[in-house]
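Undergrad: below is the sequence, then the predicted model.
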Amino acid sequence: MTMSINVTIPEDDIKAGAAPQYLARAMSAIGFTRGVTLPMPDEDLPGEECNQPAFVDSVDNEDIKSDTVEDVSVDVSPRPFGQADEGKTRRNKDQMAEDKEIEALWPRDKDYIPTNVPATQLLADLKAGKISAETPNISTGDERIDPTGAEDKAQDAADEAAEVDANKSDVLTLDDLRQAAGNFQKLHGMAAAMEIIPELLGCGLHDVPEDQIGAAIEKLNAYKETPEKTEDAPFTATKDDVIAEMLNYAGKYDGERADQSKMVVLNQDRPKIFVAAMGPDITGLSMLPDDPAAYGRVVLALREAIEKNPFDREVKG
């Protein structure tokens, strides 16, 4: 079977010497590319028919392979660790295998694998040895401001929960347990999640057997926080008090109180402590409002972290 394609080249393009380019564009529009060289008309020749069809050699349809047409795909955001592609509710087998390899190579607490970089980049950095137990997990956060407001975050959480409910199957997976743990953290805060979730489940998220994931999710969803006794007046402090407690933290877990470049543990844990005290929008001292009550909350959080060691740090001082 033979297929013929006729292309009419405008007179202006022929006179301008752009006939080959016009023909190439016309052919690429139907998914066929081929080098074409056309003779240009001699303007001195009278009666030259400029607006005549230019005939392309007949092409057998078997010569037109599917690989000559490039697929056009929509650019989507790279997938972070532990999450599905944008618009999907579950990871595919390759993505689950990729995340499993990241978990195996991750040198620190596996509950705090970063999700602010693409999973492929994170895996490549791990294989290249760019991430070690001493490498700070995240920056100090002093230069970062989360543009997402509290209302947007609440709406996002509601949308995610609705999407999961609409698409979830009867088989519960580790992704479902992670979702429940994320909802728990949003309700009760990071500090409570780090302390209470292991107590409720009796182990870490990754250690829950597959046949007990449903029961674990029910425990997290059913948890109700015990109301705390309200104080007549909030504890207050100053900015200098916050700095002093940060140095106390570095002195105990870094063994250093003077050289900030050696305060690796403080730089890793400080954003978590600030978030536990002030919420997800405050991750550093420069982001704290100039409010004695706010300083007081951070001071108390730092003192609690120094006393209870929630991140299981080695005591060095």
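TA: Nice, thanks for sending it over. Numbering: from 1, shown residues only.

Undergrad: and P80, its phi and psi?
TA: phi -80, psi 170 (degrees, to the nearest 10).

Undergrad: wait, doesn't it sit right on P118?
TA: Yes: P80 is within contact range of P118, at 6.5 Å (criterion: CB atoms under 8 Å). For glycine as for every other residue, the C-beta is placed from the backbone atoms N, C-alpha and C.

Undergrad: look at those two and report which has more neighbours.
TA: Neighbours per residue, other CB atoms under 10 Å: of P80 and P118, the larger number sits with P80, 17 against 14.

Undergrad: run a quick neighbour tally on the closest residue in space to that one that isn't next to it in sequence.
TA: Nearest non-adjacent residue to P80, counting by CB to CB, 6 or more residues apart in numbering: T115, 4.1 Å away. For T115, the tally of surrounding residues (other CB under 10 Å) stands at 13.

Undergrad: quick one: T115 and G82 touch, right?
TA: Yes: with contact defined as CB under 8 Å, T115 reaches G82; the gap is 6.3 Å.

Undergrad: assumed the residue nearest to P80 was part of a helix.
TA: No: under DSSP: H, G, I helix; E, B strand; the rest coil, T115 falls outside any helix and is assigned coil.

Undergrad: ok, now which ones touch it?
TA: Taking CB atoms under 8 Å, 6 or more residues apart in numbering, we find T115 in contact with 80-83.

Undergrad: so which of those wins on neighbours?
TA: Busiest of those [other CB under 10 Å] is F81, holding 21 neighbours.

Undergrad: what about that residue, distance to K100?
TA: 11 Å (CB to CB, to the nearest Å).

Undergrad: A233 too?
TA: 50 Å.

Undergrad: between these two, which is the more surrounded one?
TA: Neighbours around A233 and K100, counted as other CB under 10 Å, are more numerous at K100. The numbers are 11 against 6.

Undergrad: only C-alpha atoms, please: export the host helix or strand of that one in PDB.
TA: Secondary structure assignment for K100, by DSSP states H and E: helix 93-105. The C-alpha trace of helix 93-105 is given here as PDB (Å, rounded to 0.1, in the frame of the first residue of the first chain):
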ATOM      1  CA  LYS A  93       5.800  -0.800  41.900                       C
ATOM      2  CA  ASP A  94       8.900   1.000  40.600                       C
ATOM      3  CA  GLN A  95       8.200   4.000  42.900                       C
ATOM      4  CA  MET A  96       7.700   1.700  45.900                       C
ATOM      5  CA  ALA A  97      11.000   0.000  45.000                       C
ATOM      6  CA  GLU A  98      12.700   3.300  44.700                       C
ATOM      7  CA  ASP A  99      11.500   4.500  48.100                       C
ATOM      8  CA  LYS A 100      12.500   1.100  49.700                       C
ATOM      9  CA  GLU A 101      16.000   1.600  48.400                       C
ATOM     10  CA  ILE A 102      16.100   5.200  49.800                       C
ATOM     11  CA  GLU A 103      15.000   3.900  53.200                       C
ATOM     12  CA  ALA A 104      17.700   1.200  53.100                       C
ATOM     13  CA  LEU A 105      20.400   3.800  52.300                       C
END
